[in-house]
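Undergrad: one predicted model, sequence on top.
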Amino acid sequence: MANALHIVVCAGIVPDPLQTLEPITGPTGPGLKNEMLLPAVLDPWAASALYEAAALAAKSPGSKLWLVSLGPKAKLQQVMMTVAQKVPFELVPIDGPIGGFPDAHSTAQVLAEAIADLPGLDRSNLLLFGGWESASRGAGVALQLVGEILGIADQFQGVDAIELREDGSFEVLERVEGGRHQASVCKGAPAVLGWATGNLAEPRNNPQVGMANMRTVMPALQKAKAVTLAPNSLHYLSASLPKQQRETRVVKDLTPDQIAAELVEWIGAE
Amino acid sequence: MESILVLTHADETGAALTKASLEAVTAGQELAARLSATLTIGILAADPTNLSKSLPSAGPAVAVSGEAFAQPRFATDAAALEALCRAAKPTIVLAPGSSRFARVAASVAHRLGGFIDTHITALGGADHVEATRWFYRQRVEAVLSRDARPWFLLLDAGVAKPFTADPSAAPARIEQVPVQLPPIRTTVTGFRSPQQGQQTIRPDAKLLLVAGAGWTKKQPDGQTHVPEAADLILGFLAATGASLGSSKSLVDQGSEGNSVLPFLTHLNQIGQTGATPRHPKGLSTCCHGEEPHVVGWRFIGSRRAISLDPNCGWTRGKADVVYIADAFQVLAKLNALLEAAKA
């Protein structure tokens, strides 16, 4: 079992992308109006990381997969009802604030401590997965910091593919500028991989996987450690919706020839 | 008093600094002038000798050099940036939000006991730094500040104009900074384009064409026309040099086993789980939904759309012009006109 891995996926929860978001300012800084009432989903890029991790674990006998998630316990439970049906994992919930406005450094510290405390985790064989950016803060900072705090010296961000080799090394494709991938070969775990979309479709719901996961998810949620996040001198001067509203001209009465001619002129104009 | 370090890096050729690096230099100059701060330029390159010509001649510059820095890699780049920061002792670090620096900057900030904020789209404040960035994938815009130092700020493209050096001025004097390299476990083997000989993502293009799922849906004759759609889109890209973006639903069709435009990958995707590209103009075709029109188009200047749905609520207030028409017909005519103009 040369390739048996310990994979930890860090994945937050975010408001469903279809929801309308309205920022408000509270005593601790900005937040979203009715944030606790908005339907939540697993962060999309982190979800890609989870599905890729599960596929990797399935290909590497003896591997183990943890899902570490920070958020309010009630929201985590709601999201896990769906996520738990996708792939097998062991949930490590952390009961803390939701949203993109808390400081990423504090978030990373809490996640790193939770990972360091995982019983049975072989850190020399650890692949730390997550989304390369969240759909809330979108900074691309927290996962990198978790890796740094855990002392992991090889990190990859914007990952779309990993290919394990027999000797334990692996090839990684990372997104770089110009719609290309940078290909790298790493000698093996430990490493951090911040995932972009990957190549896997969202797994179908599997009730059997769901039932197996929920046997450990619910007790884990009940025992979730409560944390607060320090602001680290981060303060917000404002948080607002973009105000720009365009005067849209709706053109219904032009033929394709006329539209094409208008577009040619528009494309050519500076 | 603040001291500012602007981190820059060479492009793939190693012979020039990246455009984003030069934008960061301008941003650093403007911020230093506003805060009456000192400004140092840091260079990450295999051989920074000739790069000093593209930097301000006045003021200090520090650099690391060596073959280990020819390729972007976490372990070596983090060690290099840490060495540059320890040499310059800045309170504020500005750097371009390139894939190279985005991979390592947070770790470097942590090593220096500092803090980082990324995707900065504007730097304001009269006697202190106010940084603007977006949250929730370009839906909420916030202005933030920090008192803790050092404070790292990764700048998005377009924050400032690229710095242009005076060719008659003496090149900047560069102080070499030694780097203690860690064990190297990762080898960069090269770059790959997902498309076979057909690069459709062009960050510097003046125009973005956004293709929606409508291109692969059944047309009025009851049939799909995917090959024809592919030809029309590629023809338009060839004639205009435009970059190609796509809605999530169109890209997802490939992984769901449906008929799909063969040159599209997730790298083309714009919106919530895709890119938010910056182009002066954008033309959306066959799109219906919030993703392309709100999130993906946040930084597009002039926007037009071709849609069959006169009641599409997403284009209202987001696009400047919406043509109610069949994109197949319009693009065919458009390509013919563009080809004729070229001939």
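TA: It's in.
Undergrad: show me what contacts whatever residue of the stretch 151-270 of chain A ends up closest to chain B?
TA: Nearest residue of the stretch 151-270 of chain A to chain B (CB to the nearest CB) works out as residue A:179 at 2.6 Å. Quick note: C-beta positions are derived from backbone N, CA and C, even for glycine. The contact partners of residue A:179, taken as CB atoms under 8 Å, 6 or more residues apart in numbering or on different chains, are B:193-194, B:199-203, B:267-268.
Undergrad: quick one: pLDDT of the residue nearest to the spatial centre of chain A?
TA: Against the mean C-alpha coordinate of chain A, by CA atoms, centre = their mean, the closest residue is residue A:46 at 2.4 Å. Per-residue confidence (pLDDT) for residue A:46: 97.
Undergrad: could you point out the helix or strand that follows the helix or strand harbouring it?
TA: Assigned by DSSP states H and E, residue A:46 belongs to helix A:44-59. Counting by DSSP H and E, the next helix or strand C-terminal to helix A:44-59 is strand A:64-71.
Undergrad: circling back: list the buried residues in the helix holding residue A:46.
TA: A:44-57 (16 or more other CB atoms under 10 Å in any protein chain shown).
Undergrad: quick check: of these, which lies closest to chain B?
TA: Checking the buried residues of helix A:44-59 against chain B by CB to the nearest CB gives residue A:44 as the nearest, at 4.4 Å.
Undergrad: the closest one: what's its closest spatial neighbour, skipping adjacent residues?
TA: Ranked by CB to CB, 6 or more residues apart in numbering or on different chains and with sequence neighbours excluded, the top spatial neighbour of residue A:44 is residue B:273, at 4.4 Å.
Undergrad: who's in contact with that neighbour?
TA: Contacts of residue B:273 by CB under 8 Å, 6+ apart are A:44-45, A:135, A:197, B:248.
Undergrad: do the same with residue A:139
TA: A:104, A:133, B:116-119.
Undergrad: at 10 Å what do you get?
TA: For residue A:139, the contact set (CB atoms under 10 Å, 6 or more residues apart in numbering or on different chains) comprises A:100, A:103-104, A:107, A:133, A:145, B:102, B:106, B:116-119, B:133, B:135, B:154.
Undergrad: in helices, which of those appear?
TA: Secondary structure assignment by DSSP state H places A:104, A:107, A:145, B:102, B:106 of those in helices.
Undergrad: wait, doesn't the third one sit right on residue A:151?
TA: This points to residue A:145. No. Residue A:145 is beyond contact range of residue A:151, at 12.0 Å (criterion: CB atoms under 10 Å).
Undergrad: the more surrounded of those two?
TA: Comparing residue A:145 with residue A:151 by other CB atoms under 10 Å in any protein chain shown, the one with more neighbours is residue A:145, at 24 against 10.
Undergrad: so what's the more buried one closest to, chain neighbours aside?
TA: Per CB to CB, 6+ apart, closest to residue A:145 is residue A:108, 3.4 Å.
Undergrad: what does residue B:220 give?
TA: Per CB to CB, 6+ apart, closest to residue B:220 is residue B:326, 7.9 Å.
Undergrad: give me the neighbour count for the one you found.
TA: Based on other CB under 10 Å, the number of other residues close to residue B:326 is 18.
Undergrad: do you know the pLDDT at it?
TA: 93.
Undergrad: ok, it - contacts?
TA: Applying CB under 10 Å, 6+ apart, one finds that residue B:326 lies in contact with A:256, A:259, B:214, B:219-220, B:286, B:306-308, B:332.
Undergrad: top of the residues you listed by neighbour count?
TA: Counting neighbours by other CB under 10 Å, residue B:306 leads these with 29 neighbours.
Undergrad: quick one: it and chain A, what's the gap?
TA: As for residue B:306, its distance to chain A is 7 Å (criterion: CB to the nearest CB, to the nearest Å).
Undergrad: what's across from that residue in the sheet?
TA: With DSSP bridges applied, residue B:306 shows beta-bridge pairing to residue B:285, residue B:323.
Undergrad: quick check: chain neighbours aside, which residue is closest to residue 124?
TA: All of this refers to chain A. Closest residue to residue A:124 in three dimensions, ignoring its sequence neighbours and counting by CB to CB, 6+ apart: residue A:190, at 6.3 Å.
Undergrad: to clarify, I was referring to chain B.
TA: Closest to residue B:124 by CB to CB, 6+ apart is residue B:130, at 4.3 Å.
Undergrad: burial measure for that neighbour, as a count.
TA: Neighbours around residue B:130, by other CB under 10 Å: 14.
Undergrad: residues touching the residue in the stretch 101-250 of chain B that chain A sits nearest to, list them.
TA: Residue nearest to chain A within the stretch 101-250 of chain B (CB to the nearest CB): residue B:201, separated by 2.6 Å. Applying CB under 10 Å, 6+ apart to residue B:201 gives the contacts A:177-180, B:193-195, B:208, B:243-245, B:265, B:267-268, B:275, B:277.
Undergrad: helix/strand/coil for it?
TA: The three-state assignment at residue B:201 reads coil, by DSSP: H, G, I helix; E, B strand; the rest coil.
Undergrad: need phi/psi at it.
TA: The phi and psi values for residue B:201, taken as degrees, to the nearest 10, are phi -100, psi 120.
Undergrad: so, in contact with chain A or not, stretch B:34-50?
TA: No. Counting by CB under 10 Å from any CB of the partner chain, chain A has no neighbours in stretch B:34-50; the shortest distance is 15.3 Å.
Undergrad: can you give me the end-to-end span of that stretch?
TA: Terminal residues of stretch B:34-50 lie 29 Å apart, using CA to CA, to the nearest Å.
Undergrad: buried stuff in that stretch?
TA: So stretch B:34-50, judged by 16+ other CB under 10 Å, has buried residues B:34-35, B:37-45, B:47-48.
Undergrad: no further queries at this time; thank you.
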